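Peer 1: Fold the following, please.
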Amino acid sequence: MLARDSWWWPGSAGCWEAGDRDRQGAWGAGGKGRPANPRGCMEHVPAGLVLHEVLVVPPQLALLYEEVLYTIRHRLGKPEHHHVADSQELYAYVQKAFGMDAEEHSIIMQQVKELESPIFCLKATVKEAKGILGKDVSGFSDPYCLLGIETKSQEPSHPDHKKRMKAVVKDLIPEDQIHRTQVISQTLSPVWDETFILEFEDMETASFHLDMWDSDMVESVRHKLGELTDLHGLKRIFKDARKDKGQDDFLGNVVLRLKDLHCWDDRWYQLEPRTETYPNRGQCHLQFLLTHKKRATTSSRTQPSYTVHRHLLQQLVSYEILQHQAGSISWDGELSQHASTVLYLHATQKDLSDFHQVMAQWLAYSKLYQSLEFNSNCLLHQITSIEYQWVQERLRPEQKAELAESFQSLLTYGISLIRRYRIIFPLSVPRSTERLQSLLRVLVQMCKMKAFHELCMLSPDLPQMVSMALKVVGTGESLSIQNKLFLPLLLVEVIGDLQQWMMCCCCAVGEAAAFIHRDGPLALSNFHQWFKEAVPQWLQKAYTIALERAQRAIQMDQLTPFGEHNKHSTSTVDLSTCYAQIVKTWQQLNWPDPEEAFMIMVKLVEDMCKIALMYCRLIKERAEALSLSEQNEGEAANRLCVVVNNIKQLRLLILKLPSQLDWAQLVERTEAVIDQQQIQHTLHNQLDSAVSCLDHEVRDVVSLPLSHCALPNASLLSLQSIIPLMKFLESELQYLNEHLVQENFKSLLVLLWHHTLAVLSAAAGQQVPSTQCYKKLHCALKSLERCFYAEGCGLPLETLHTAAFLSLETHLALCSSTSRKLIQKYFSNRIQQQVGARMVSEKYGAVTIKALYRPSEQKLRVEVLNAVNLIPLDSNGSSDPFVQLTLEPRHQFPEVVARTTQCKRNELHPLFDEAFDFLIPPEKCRQEGACLLLTVFDYDTLGANDLEGEAFFPLCHLPGLDADEDQADTGRVPQTRLPLTHPKPTGDEILRLLESRKGDKEAQAFVKLRKQRAKQSKETE
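Peer 2: Alright, predicted model coming up:
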C-alpha cells in the first residue's frame, strides 16, 4: 500500500543525485552478475538512490482525500458500462490508494457528510438539428430553442403511445429559468452550438426539457405571397390567417430524465410531436455534461481545479504502479476501473477540458517515471495528445512554467540514463533494446513538440547531447564490441535526424573492431564465450521459426479431431512438436555459465508463453472464420469443443515445461549466484501467468453455450418455467460430454451452475410477495441441485454449495415460510444472538433469573433475582427499572398473559427477588423459537416507558423439562445471567418479509411491536 509520506507532489526537476550514484541495471549489487530485475521489461530504480521530492504533510493529504470522498459522495449521472457503479467499492479503493486506516477514513468521511452539497449543474450544448419541419410559406422555418429543467419528474412519453406529452417549456418552467437560443433564419438544418448552464437540486426528480419553435414575425400578405413557391405554401398562408399574429409554431420537443444521462453524453435525439399530424419532426444534436458549482471542500475553494486534479491523478497513478510492482508485473499505462472511474468523475464534476486533463497526465507521468518503475511508452500518448491540442493561450503563466520544467527535467533524466546505458540497458537482459528504443523515441518526440519549442527558451541539440552522453563513458575505457555496434544502429533506427552522425560512429567502431587480440593460447575451457554474442540471435531465430510454424498449422487446421479416439485437432500436434524442438535445443546447448544459462532459460520460457497466448487468439479467430463461411450451427458447436480441447492440451504442455527443461537442476547450479525469490518472480510467475491466461480463455469459450439458456419472465413463473432449462441440460450437455475432454466438461458445468443460480436469484428478486411462487422457486432450486449432482457423477456437493447457493436457498426458504414460521425463526435468531452476547461485554447491563419446569404440574416457575449495570435513562443520572416477562411467540402461548415486577426507584442495580408461575404444556416448550422474553423498562410517569434492554431465555433448555417426575429441586437450580441487548434499528430480513405481507394482520401486529422496540434502541447502523 502506498504510504502517505511518500506521496509525490510536483516538485523540482532534479529528482536524482546526479554524478554521485549510478542507476542500478539488470546486474545488481547482490553479487557478481546477479540479475536485480530479470523481467527486463521495466526501467530499473536503484535501491539506495535518494529521491528529492517534496513530502506532503498529512493535513495536505487529508484535504485531497476529502476532495475525492466528496467527489464520490456527490457523483452524478448514470455510470458508464466500463466504470465502477458501486460507490462503496470506490470508497474502499481510495482508502487503500491513500493509505488511510479505518479510523482516519471514518473521521474524514464524517467531515465530508457535514459539508454543504454542491450546486448540481447540467451543461447543455445545443449543437444543431436536421430534418425539421418547414412552417413558413417559403418551405423553411426560423427555428430557435427554449430549454430548462423541470424540478418535478414527469415521465417522458413512450414513442408508440398515442397520448403524448402536450405541455411545453413555457407552461412547465418559470420564465426566469428558461434559456433561449438564437433564431436561425430560413433553414431546415440549423446550427447553434450554444451552451447553457442549468442548475437543479435532485437528480432523481429533475428532467430536461427542450422545445423547438419556428419564430413568426408579423408580415404582410403581399410579402408572404412574394415568398410563395408551391401549393403547400398557399395552405400555410391560410393556416397563418387563422392563428394569432406573431404566434410561433411548435416544431418538436425533447424530454429527458437526468438520471438516465451519463456524466457526459453527446448524441442525436428525436424531436417528439404534440400531435400525430407530423410524427417525423427531425432530430436535434445535444451534448450534456453534469458538473458541480461551489464545491464545499477546502481544495476546491483554495486551489485551481486543474491543480487539484493533477494531485489526485498523481496519487492514484503512484498507487497503481506500486500495485503492479508488488505483483511483479510491468505497468503498461492502463489504469484500473476504479482509478479511471474516480478520475473521470472528478474531471467531469470540475468541468476540466480534455486538454487540461492530458496536461495533468503528462506532468504526473513524467514526474513518476523518474522515481517509479514503468514502461516509458506510457508517455507517448500524452505527447501526441498535447501536440494535437496545443494552443499556448489556453495556459496560465504558472502552467506554462510547470510544463517547461517537466520537459527539461525529463530530458536531463533521460540523458543521464543514456550516459549509463551499459548498466541500465545491457544486451544480456531481454528487451533491453526495446526499452532503450522506447526511451529515445520519447525524448525525440518531446523535442519535436510545438509546446517544447515555444516554452523552452533554448532548444537543445539532442544529437549533440546523446553524443556527449556516450563519450562520458571514457576514451581510454575498453568498451565491448556488442555495445559499440548496438547503440549506433539503435539510434539510427529511432532518430532519423541523427543518421549521418550515427553512420560516422559505426565506421569508427568498425575500424576499432577490425583487429581483435587474443592473448595466449586458445582456452577451450571457455569456448562458449565464442558463441555468446550469437546466442540472442539463435534464440530469436528459434522463436520466429516456431511462431511461423504455429501460424501455418492454424491456417491449415480444419478444427476436426484428427483421430478416432482423439478430441484434439492437428494444430496441437504441430505446436507440441515446436515445443519439443525448443526443449531439445536447450538440452543440447547445455550452457556452462549458470547466470547466463538462467537468462537463456528466462528467454525460452517467455517465448514459449508468447506462442501459447498467440495460439489461443488465432485458433479462436480460425473457428470464427470457419463458422461464418459455412453458417452451420452444428459444425460451429463441434469446432467450439475442439478449440476448448486444444487450449486445454496446450495448458498441459505448458505445465510440463519445468520438468522437461529441468528447472530443478538449474536451481541447483544457480543457487550460489541467483536468489531463489528472483527465480520465483521470473520463471514460476511467468509460467503461472500464462496458465492463468489459458484458463481464462477456456472459461470464455465454454461460457458461450450459456447464451442459449434462459428462464422465462419472473412474472409468469410456474413449475413449467424450468422446462426450457431442463431440456437444455438433457440435450446439450449430453452432446458436450461426448465431445469435450472431461476436465473441460466439468468447467462448463461449474459455469452453468453459477449462471443458473444468477438466473434464479434474479427471478426471486422480481417476485411479488407470494409464498406459493417462492415455494415453486425453492422446489426448482433443489431439483437443479440434484440434477447437477447426478448421484455423484456430476459436480461434488462442495462445488454446488457455493455462497450464492446457500444464500439463495436460505432466502427462498424464508420467503416460502408462513408468517408464524417466520416469527418462530425470528425468535430463534434472537436466541442465537443472546448466546453470542454472553461472549461480549454487557454494555446495556444484565438480568439474573432462576427458571424451573415441573412436568407433573406443567408449570414454569421463574424467579427474577436482580439486574445490574443498567444504563441511566433519567435526567438525574439514574433509572426506575422494572421487568416485563412474556412467553414468545404469542401465537404459541395465546392464553398466557404478561407479568411485571415491581418498579425500583432510582436504581441502576435493582434487586427484585420476585417469582412468577406460568402454566404451559411441555411440548410447547420444545417448539422452535419458544422462549421467555425479559424486557427491562425505565418507568416514566409521562409518556412511554424507555427501553433498558431485552433478554431471551430458550424454553427448550429449561431445567426439569427432560428430567424424571419432579426430581428437579428449586434450591439446586443454577442462576442464569442474561446480557441485555437492543434490536438493530434497521431490522432484519424476516421483519422485512413480514412487513411486505400487508394482508396478514398477525404479521403486521408483530412487525409494529418490533418497530416500537427498534425506535427505542441505542444500537447504531
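Peer 1: residues of the longest helix seen in the chain that come out buried?
Peer 2: Looking across the chain with DSSP state H, the single longest helix is helix 594-630. Of the residues in helix 594-630, those buried by neighbour count under the rule 16 or more other CB atoms under 10 Å are 594-609, 611-612, 615-616, 618-620, 622-623, 626-627. To be clear about C-beta, it is placed using only N, CA and C from the backbone, and glycine gets the same treatment.
Peer 1: Next: stretch 546-556.
Peer 2: A546, L547, R549, A550, A553, I554.
Peer 1: what's the answer for stretch 583-597, then?
Peer 2: V583, W586, L589, W591, D593, P594, E595, E596, A597.
Peer 1: Would you check how far apart the first one and H285 are?
Peer 2: This means V583. 61 Å (CB to CB, to the nearest Å).
Peer 1: May I ask which helix or strand of this protein has the lowest mean pLDDT?
Peer 2: Taking mean pLDDT, DSSP states H and E as the measure, the chain has helix 499-513 as its least confident helix or strand, at a mean of 37.
Peer 1: That one: what's the following helix or strand?
Peer 2: helix 535-556 (DSSP states H and E).
Peer 1: And the next helix or strand past that following helix?
Peer 2: helix 570-589.
Peer 1: Let me see the mean pLDDT of that following helix.
Peer 2: Mean pLDDT, helix 570-589: 85.
Peer 1: And stretch 449-457, by the same measure?
Peer 2: Across stretch 449-457, pLDDT averages out at 82.
Peer 1: Now do that stretch: distance to the chain's middle.
Peer 2: 39 Å (CA atoms, centre = their mean, to the nearest Å).
Peer 1: Pull out the buried positions in it.
Peer 2: M449, A451, F452, L455, C456.
Peer 1: try stretch 106-120
Peer 2: Within stretch 106-120, judged by 16+ other CB under 10 Å, the buried ones are I108, M109, Q111, V112, L115, P118, F120.
Peer 1: Mind putting these into TSV with distance to L1009 and pLDDT?
Peer 2: What follows is the buried residues of stretch 106-120, written out as TSV (distance: CB to CB, whole Å; pLDDT from 0 to 100):
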residue	distance to L1009	pLDDT
I108	40	93
M109	35	93
Q111	38	92
V112	37	93
L115	39	92
P118	43	93
F120	42	93
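Peer 1: can you tell me which two in those are farthest apart?
Peer 2: I108 and F120 (22.6 Å; CB to CB).
Peer 1: hang on, the earlier thing: so which of the buried residues of stretch 449-457 comes closest to L210?
Peer 2: Nearest to L210 among the buried residues of stretch 449-457: A451, at 39.0 Å, using CB to CB.
Peer 1: Contact partners for the closest one?
Peer 2: I386, E387, W390, Q392, L403, F407 (CB atoms under 8 Å, 6 or more residues apart in numbering).
Peer 1: Go through those residues and name the one nearest Q665.
Peer 2: Taking those together and measuring to Q665 by CB to CB, the closest member is F407, at 51.1 Å.
Peer 1: Kindly tell me how buried the closest one is, as a neighbour count.
Peer 2: The number of residues packed near F407 is 20, by other CB atoms under 10 Å.
Peer 1: Check which helix or strand it maps to.
Peer 2: F407 belongs to helix 397-419, assigned by DSSP H and E.
Peer 1: tell me the mean pLDDT over the helix or strand following that helix?
Peer 2: Sequence-wise, the next helix or strand downstream of helix 397-419 (DSSP H and E) is helix 421-424. Helix 421-424 comes out with an average pLDDT of 78.
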